[in-house]
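Q: here are the coordinates; sequence isn't available:
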Ligand code: NAI
């Protein structure tokens, strides 16, 4: 039998985790022959709810789930972990400004970055889902000087999946028939879902849909999807977010399909003229666990303008938490 891999999940008593943990325990990340140990982190007031989740996990009698560790201490949670899903974050409370939200979350991710730095496996893959995800990932990686920036990414897979699904529906095909979709920038309403390079059953996507639909329907629908779900469900997307987290981590571990790419927010080193030092979503391929930004895509003026808008928002976010960046 394979040696168990160690997977940390923060915010383990929250909504997303309620979907994520059961799929991880069932083997959805690395296959149905890979045993796992779950390391679950919550804040102290969440520990009682987390005990309930642990009882349910045990009651599933998952064959692959070898052990569950539960803690409110990041240094215990991240000890020797191979994969870390940073899901837990403070939601926006009444009267809280965006800046306050950024700041309180930045502090959480500074602490978690330091803990990962001190105790996680040197090969750990850290996926930040908790919002503001891109900037939280930036804080975490900058507080983990002994790990590489390549150990960190922020989640834009949900946006990517939403874009695949919208375009597939419009063209009357399955999402799997759509390739080379790109979401640029921030996981926020400024993100830029770009179909200029996308292919639908091998044909250029833009030759199959009219530009008005692309600009005035597709882009805003993908950008605003999160808010629409809250309006309809009364709660933010959880199962689709968990699915995206598994999808992004799985691609990171096992690689992209030949000829295709995915969107992933990683530290920019100036790709496509995007300022270095921002965690920005790019089209990437993954081979042997190594993430490479797809090079050389042609960017027209329309795209360039959209990419700049979301870059500007990320610069503002970074500036608001500068004091926590090393
Ligand atoms: P939730 O509020 O149901 O759960 C969050 C959990 O995190 C709570 O149980 C809370 O106690 C815990 N938590 C808070 N601070 C913590 C800390 N310092 N350490 C450990 N745990 C902590 O929220 P939900 O719905 O599970 O969403 C989690 C995050 O994911 C939110 O920030 C949400 O905005 C974000 N999100 C991101 C998406 C993306 O595409 N990047 C998509 C959907 C949600």
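A: Perfect, I can see it now. Owing to the predicted nature of the structure, the values given are computational and were not obtained by experimental measurement.

Q: how near is residue 140 to residue 73?
A: 17 Å (Cβ to Cβ, to the nearest Å). (Glycine included, C-beta is placed from N, CA and C.)

Q: who has more neighbours, those two?
A: The residue with more neighbours, out of residue 140 and residue 73, is residue 140; 30 against 11, by other Cβ atoms under 10 Å.

Q: Which residues of the protein lie near the ligand?
A: 10-11, 13-17, 41-43, 46, 87-91, 108, 129-131, 133, 155, 158, 187, 236-238, 241 (Cβ under 6 Å from any ligand atom).

Q: just the buried members of those residues?
A: 10-11, 13-17, 41-42, 46, 87-90, 108, 129-131, 133, 155, 158, 187, 237-238, 241 (16 or more other Cβ atoms under 10 Å).

Q: Of those residues, which belong to strands?
A: 10, 41 (DSSP state E).

Q: Could you tell me the phi and psi values at the residue nearest to the spatial centre of the chain?
A: Most central in the chain under Cα atoms, centre = their mean is residue 155, positioned 1.4 Å from the mean C-alpha point. Phi and psi for residue 155, reported as degrees, to the nearest 10, are phi -90, psi 120.

Q: quick one: it from residue 85, how far?
A: Taking Cβ to Cβ, one finds residue 155 at 9 Å from residue 85.

Q: what do you get for residue 191?
A: On the measure of Cβ to Cβ, residue 191 and residue 85 end up 21 Å apart.

Q: Next: residue 234.
A: 24 Å.

Q: Please apply the same query to residue 22.
A: 13 Å.

Q: Could you check which of residue 191 and residue 85 is surrounded by more residues?
A: Using other Cβ under 10 Å as the criterion, residue 191 and residue 85 rank with residue 85 on top: 31 against 27.

Q: element containing that one, please.
A: strand 83-86 (DSSP states H and E).

Q: That strand: partners in the sheet, and parallel or antiparallel?
A: If you go by DSSP bridges, strand 83-86 pairs up with strand 5-10 (parallel), strand 125-128 (parallel).

Q: Which residues does the shortest one contact?
A: What it means is strand 125-128. 82-86, 109, 116, 120, 134, 136-137, 140-141, 147, 151-155, 245, 248-249, 252-253, 289 (Cβ atoms under 8 Å, 6 or more residues apart in numbering).

Q: Just the buried ones from those?
A: By 16+ other Cβ under 10 Å, the contacts of strand 125-128 give 82-86, 109, 116, 120, 134, 136-137, 140-141, 147, 151-155, 245, 248-249, 252-253 as buried.

Q: Going along the chain, name the helices of the stretch 51-200 of the chain.
A: Under the criterion DSSP state H, counting those that start in this stretch, the stretch 51-200 of the chain contains helices at 74-77, 98-119, 133-142, 157-171.

Q: Now render those helices as JSON lines, adding mean pLDDT.
A: As requested, the helices of the stretch 51-200 of the chain are exported to JSON lines (pLDDT from 0 to 100):
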{"stretch": "helix 74-77", "mean pLDDT": "98"}
{"stretch": "helix 98-119", "mean pLDDT": "94"}
{"stretch": "helix 133-142", "mean pLDDT": "98"}
{"stretch": "helix 157-171", "mean pLDDT": "98"}
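
Q: Great, nothing more from me.
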